[in-house]
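Q: Can you look at this prediction? I've put the sequence above it.
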Amino acid sequence: MRERNFNFGVMVTILACVFGAFSGSWGTVWADSKSEVELIIKVNEKGFFDEKDRVLGPKNPLKVPKGSTVKIVFVFDEAVKSLAIGDVHQIAIMAEDKWTVESDKIWFFNRKEDITFIAGENGRTHYRGYCIIDCIGMDHLNNLVIEVV
Ligand SMILES: [Cu+2]
């Protein structure tokens with residue numbers, strides 16, 4: 001009887017571990033909206049735009065909840081008729097303490113890249129996004145603003 005109970009305990013522990021591993025890998029599905037934020041940002045020679053084509057910048061900052069995992073998907077959005085269709089962009093996000101994360105390059109044949117970070121980690125309150133490649137739109141791709149709220 002004792003041994004049975006012991007085995008049952010082990011089984012529960014194993015199940016708990018398996019469940020824990022699964023819930024971890026399915027975190028994106030189960031997480032509530034506050035802990036995970038996904039933003040899609042279009043990048044073109046005119047600047048950074050949200051999904052509704054509103055220009056993003058100091059007058060229209062992105063706001064992300066403190067402590068949330070923020071995934072930003074940068075999408076290459078140059079018009080086919082524009083010279084900038086041949087451009088390459090690579091976006092860096094820098095916090096006020098100079099902590100930086102960079103996307104991989106986006107261009108005509110690789111249109112989407114994402115970055116992920118924890119909003120407000122180490123007391124950070126805001127981030128700035130800019131293209132680190134000399135491109136046609138470089139004067140407009142220098143002031144994406146992300147505020148931690
Ligand atoms: Cu660029």
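A: All right, it came through fine.
Q: Name the residues of the chain found near the ion, please.
A: 89, 131, 133, 135, 141 (Cβ under 5 Å from the ion). For every residue, glycine as well, the C-beta is placed using N, CA and C.
Q: Let me have those residues in TSV, adding secondary structure, neighbour count and pLDDT as columns.
A: Below are the residues of the chain next to the ion laid out as TSV (DSSP: H, G, I helix; E, B strand; the rest coil; neighbours: other Cβ atoms under 10 Å; pLDDT from 0 to 100):
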residue	secondary structure	neighbour count	pLDDT
89	strand	27	98
131	strand	25	98
133	coil	16	97
135	coil	21	97
141	coil	23	98
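Q: Take the residues you listed and write them to a markdown table, including distance to residue 121.
A: Listed next are these as a markdown table, based on distance: Cβ to Cβ, whole Å:
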| residue | distance to residue 121 |
| --- | --- |
| 89 | 25 |
| 131 | 23 |
| 133 | 26 |
| 135 | 29 |
| 141 | 25 |
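Q: And the residues you listed, which is closest to residue 60?
A: Of all those, the one sitting nearest residue 60 is residue 141; the distance, using Cβ to Cβ, is 14.8 Å.
Q: Just the buried residues of the helix or strand harbouring residue 48, please?
A: Using DSSP states H and E, residue 48 sits in strand 47-49. Residues of strand 47-49 classed as buried by neighbour count (16 or more other Cβ atoms under 10 Å): 47-49.
Q: which residues sit against that strand?
A: 41-43, 55-57, 77, 129, 137, 140-141, 144 (Cβ atoms under 8 Å, 6 or more residues apart in numbering).
Q: let's see 7 Å
A: 41-42, 55-57, 77, 129, 137, 140-141, 144 (Cβ atoms under 7 Å, 6 or more residues apart in numbering).
Q: cool, and stretch 98-105?
A: Contacts to stretch 98-105, defined as Cβ under 7 Å, 6+ apart, come from residues 74, 88, 90-94, 113-115, 117, 124, 132.
Q: pLDDT score for residue 35?
A: On pLDDT, residue 35 comes in at 89.
Q: nearest residue to it other than its sequence neighbours?
A: Sequence neighbours aside, residue 68 is the residue nearest to residue 35 in space, at 5.5 Å (criterion: Cβ to Cβ, 6 or more residues apart in numbering).
Q: With that, I have no additional questions.
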